[in-house]
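Student: got a sequence here, can you build the structure:
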Amino acid sequence: MAIALISLSAVHLAYGHHSLLDGADLTIQSDERIGLIGRNGAGKSSLLRLLDGRTQPDDGAITVAGHVRVATVEQEPILDEALTIEQTVMGEYDPDNEDWQRGPRVLALIDKLGLPPEALVGTLSGGMRKRVALISAMANQPTLLLLDEPTNHLDLDGINWLETTLKQWPGSAIIITHDRRFLESVATRIVELDRGKLLSFPGNFSDWQVRKAQWLESQRLENARFDKMLAQEEIWIRKGVEARRTRNEGRVRRLEQLRVERVARRERQGNVQLAVDAGQRSGKLVAELEHVHKSFGDHCVVKDYTTIIMRGDRIGIIGPNGAGKSTLLKLILGTLQADSGTIKLGTNLSVAYFDQMRSQLDENATLADVINPGSEWIEIGGNRKHVMSYLGDFLFAPARAQSPVKSLSGGERARLLLARLFARPANILVLDEPTNDLDIETLELLEELLQDYPGTVLLVSHDRTFLDNVVTQTIASEGDGGWKDYVGGFGDWERQRTTPQKASAIEKLTTAAASKKSSAPEKQAAKGTKMTPWETKELGQLPAEIHAIEQEQAQLVIELGNSELYTNDSAKLAAIQARMTELDSLLLKKFERWEALEARNQ
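Tutor: Numbers count the residues shown, from 1 in each chain. Predicted structure coming up:
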């Protein structure tokens with residue numbers, strides 16, 4: 001039976017004139033995992049601070065059950081950099097929680113995540129720090145776990161670990177995240193913070209999408225009925241003198257109330273308006289790498305990597321933290337020299353770079369100066385636009401145009417960097433973790449823009465849904481400096497990497513030729529019974545059949561490179577992928593049969 005842990009009743013919270021919670025109600029129950037979503041700046045992090053007691057509401061009531069223990073992991077955890085990992089995690093001990101297994105359990109968890117216990121926190125990467133903060137919060141097994149963007153800075157392995165851990169978590173959790181696949185896997189309820197109100201939808205992200213669409217439609221119909229009634233009453237009140245003499249005072253009061261309700265109606269916010277000017281087209285070839293090596297000291301980051309990137313490619317680069325994704329990007333763009341191998345760049349390359357660390361933003365510069373310093377106008381695709389209007393496209397009010405960058409939230413910084421990125425023509429977009437801090441609606445709009453963008457996209461991301469919706473090719477780290485190209489997005493990479501790799505016909509022939517040189521007893525064992533005439537005929541036909549299968553596979557790979565498949569023809573995409581799987585299986589059987597017959601034909 002579910003137990004209420006924390007209840008919010010008619011809670012109000014505002015900063016200055018900006019209302020974050022406006023009479024919000026919410027009950028958090030035991031054994032549930034809530035995905036908390038909403039626009040950037042809506043107040044999601046502020047809600048977490050109310051729940052763990054760091055902030056008090058302006059009005060309303062918050063009721064906490066007596067047994068509830070809350071632990072919070074903030075978006076950018078603040079840790080003592082002078083302590084080791086083990087000291088940091090063990091230092092979070094709660095004396096009121098008599099858990100004798102805590103020490104061994106925590107050490108086992110540190111070991112499982114591959115964290116060096118004696119390493120100083122100050123030497124850790126962002127992803128490692130986030131893992132330490134998560135372990136520290138979970139160490140005392142709190143009743144309620146509050147996580148603010150926990151997947152930021154985590155690599156794919158870290159995200160998978162967190163998903164598994166949360167699904168097995170014995171308590172409740174509230175997770176602020178815009179990672180849609182994470183929400184799909186983990187959430188049992190979605191709570192949306194929308195202009196001060198908390199809307200609750202049972203189920204995971206897919207369930208929320210369906211129910212939210214139904215809710216919006218019912219709101220539209222209700223608003224339409226309301227507006228029609230208001231219009232009729234306004235006509236009535238504007239009738240002639242005689243009508244006004246005899247009018248019903250109760251009806252007048254009702255009209256006054258309708259007007260108040262109409263003013264108070266919470267209209268849906270606008271969306272970010274994204275547009276990008278690809279400028280002059282680059283050459284057909286963007287970059288060609290042949291047998292490229294790159295090391296830093298004894299650490300090999302790129303080993304014998306060869307690839308070709310053509311104009312219009314949308315490429316996702318994936319791999320664990322520290323694998324060298326940013327280094328590979330710099331090699332592709334020619335901003336870093338290889339130790340060996342050749343890198344050939346195309347012509348007319350104009351690059352726009354989105355930095356995951358937001359280091360391109362001057363903290364003291366105003367928003368307007370960030371977009372276009374020294375000028376009030378920008379030009380996109382031949383259209384001239386005032387900087388105030390352009391900032392409005394990214395949901396920045398005109399009054400904020402002269403605000404400094406340091407006043408912005410993480411999500412607002414991401415939006416501002418996108419605004420600056422798209423304010424200049426570029427035929428190559430380099431996006432390094434662009435999804436961090438962006439809300440779901442902005443993510444979906446960015447996906448649509450990138451799908452229609454005629455230039456080349458190089459994308460580093462751990463957002464699996466974003467990768468699937470944007471890229472047509474994936475470059476994945478294989479470990480030890482190895483990198484490999486795959487057709488399709490993240491899901492395609494997952495399927496392809498779990499399928500045993502098939503050797504080419506030439507490799508199979510080489511293997512067979514080598515087997516002929518084996519010892520005499522092995523030859524005798526392999527010969528077995530004499531081949532029949534139809535088996536001899538079958539053996540002669542197999543090379544042609546294998547070649548035909550490989551030709552069909554090559555053609556399907558070309559078709560999979562068509563970006564429109566991923567946006568406009570999901571049925572054909574599924575059919576091609578199913579056929580590829582079928583051909584893989586058929587090819588393997590043909591090879592096995594060919595080897596068996598060849599072994600008997602000695």
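
Student: which residues does residue 107 contact?
Tutor: Listed by C-beta atoms under 8 Å, 6 or more residues apart in numbering, the contact partners of residue 107 are 86, 117. Yep, even glycine has a C-beta here, placed from its N, CA and C like the rest.

Student: which element is it on?
Tutor: Secondary-structure element containing residue 107, defined by DSSP states H and E: helix 102-112.

Student: before we move on, what about residue 450?
Tutor: Residue 450 is part of helix 440-452, with elements assigned from DSSP H and E.

Student: for the helix or strand just after that helix, packing partners?
Tutor: With elements assigned by DSSP H and E, the helix or strand that comes after helix 440-452 is strand 456-460. The helices and strands touching strand 456-460, judged by 3 or more C-beta pairs under 8 Å, 6 or more residues apart in numbering; DSSP states H and E, are strand 299-310, strand 314-318, helix 325-333, strand 428-432, helix 464-470.

Student: I'd like the average pLDDT over the longest one.
Tutor: This means strand 299-310. Throughout strand 299-310, pLDDT has a mean value of 93.

Student: can you check the last one too?
Tutor: The average pLDDT within helix 464-470 is 91.

Student: so what's the gap between that helix and the chain middle?
Tutor: What separates the centre of helix 464-470 from the centre of its chain is 7 Å, taken as C-alpha atoms, centre = their mean, to the nearest Å.

Student: any idea which helix or strand comes after that helix?
Tutor: The helix or strand immediately downstream of helix 464-470 is strand 473-479, counting by DSSP H and E.

Student: point out where the stretch 51-200 of the chain drops to low pLDDT.
Tutor: Counting by pLDDT under 70, the stretch 51-200 of the chain contains low-confidence residues at 92-100.

Student: residue 197: neighbour count?
Tutor: Using other C-beta atoms under 10 Å, residue 197 is surrounded by 13 other residues.

Student: residue 12 too?
Tutor: Considering only other C-beta under 10 Å, residue 12 is surrounded by 15 other residues.

Student: that one reaches residue 57, doesn't it?
Tutor: Yes: with contacts defined as C-beta atoms under 8 Å, residue 12 counts as touching residue 57 at a distance of 6.2 Å.

Student: next, give phi and psi for the closest residue to residue 13 other than its chain neighbours.
Tutor: Setting aside the residues directly before and after it, residue 13 is nearest to residue 21 in space (C-beta to C-beta, 6 or more residues apart in numbering), at 4.2 Å. Recorded main-chain torsions at residue 21 are phi -130, psi 130, according to degrees, to the nearest 10.

Student: follow-up on the earlier one: overlap in contacts of residue 12 and residue 57?
Tutor: For the pair residue 12 and residue 57, residues contacting each of them under the criterion C-beta under 8 Å, 6+ apart are residue 21.

Student: quick check: end-to-end length of stretch 308-318?
Tutor: Distance across stretch 308-318, first residue to last, is 17 Å (C-alpha to C-alpha, to the nearest Å).

Student: buried stuff in it?
Tutor: 309-318 (16 or more other C-beta atoms under 10 Å).

Student: likewise stretch 56-64?
Tutor: Neighbour counts using 16+ other C-beta under 10 Å place 57, 60, 64 of stretch 56-64 among the buried residues.

Student: just to revisit the earlier point, next one: the residue nearest to residue 13 from residue 154, what distance?
Tutor: Per C-beta to C-beta, to the nearest Å, residue 21 is found 29 Å from residue 154.

Student: if we can go back for a sec, looking at the helices and strands packed on strand 456-460, which is nearest to residue 597?
Tutor: Minimum separation from residue 597 across those (C-beta to C-beta) falls at strand 299-310, 34.8 Å.

Student: pLDDT score for the closest residue in space to residue 549 that isn't next to it in sequence?
Tutor: Distances taken as C-beta to C-beta, 6+ apart place residue 587 nearest to residue 549, at 5.0 Å, with adjacent residues excluded. Per-residue confidence for residue 587 comes out at a pLDDT of 79.

Student: what about residue 587, which SS state?
Tutor: helix (DSSP: H, G, I helix; E, B strand; the rest coil).

Student: with respect to residue 435, which of the buried residues of stretch 56-64 is nearest?
Tutor: Ranked by distance to residue 435 (C-beta to C-beta), those are led by residue 57 at 31.3 Å.

Student: ok so that closest one is a helix residue?
Tutor: No: under the criterion used here (three-state DSSP), residue 57 is coil, not part of a helix.

Student: hang on, isn't it packed against residue 14?
Tutor: No: in this structure, residue 57 is not within contact of residue 14 by C-beta under 8 Å, at 9.8 Å.

Student: which residues are common contacts for the two?
Tutor: Taking C-beta under 8 Å, 6+ apart as the criterion, residue 57 and residue 14 both touch residue 21.

Student: ok, residue 44 touching residue 34?
Tutor: No: between residue 44 and residue 34 there is no contact under C-beta under 8 Å: 11.3 Å.

Student: follow-up on the earlier one: want to try TSV for the buried residues of stretch 56-64, with distance to residue 219 as columns?
Tutor: TSV is the format used below for the buried residues of stretch 56-64 (distance: C-beta to C-beta, whole Å):
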residue	distance to residue 219
57	27
60	24
64	32
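
Student: and which of the residues you listed is nearest to residue 411?
Tutor: Of all the buried residues of stretch 56-64, residue 57 has the smallest distance to residue 411: 22.8 Å, by C-beta to C-beta.

Student: how near is the nearest residue to that closest one once chain neighbours are set aside to residue 289?
Tutor: Take residue 57 and drop its neighbours on the chain: the residue closest to it by C-beta to C-beta, 6+ apart is residue 11, 4.7 Å away. In this structure, residue 11 lies at 56 Å from residue 289, with C-beta to C-beta as the measure.

Student: between these two, point out the one with more neighbours.
Tutor: Of the pair residue 11 and residue 289, residue 11 is the one with more neighbours under other C-beta under 10 Å, namely 23 against 20.

Student: ok so the more buried one is a strand residue?
Tutor: Yes: Residue 11: assigned to a strand according to three-state DSSP.

Student: quick one: contacts for it?
Tutor: Remark: with contacts taken as C-beta under 8 Å, 6+ apart, residue 11 is in contact with 21, 23-25, 50, 57, 59-62.
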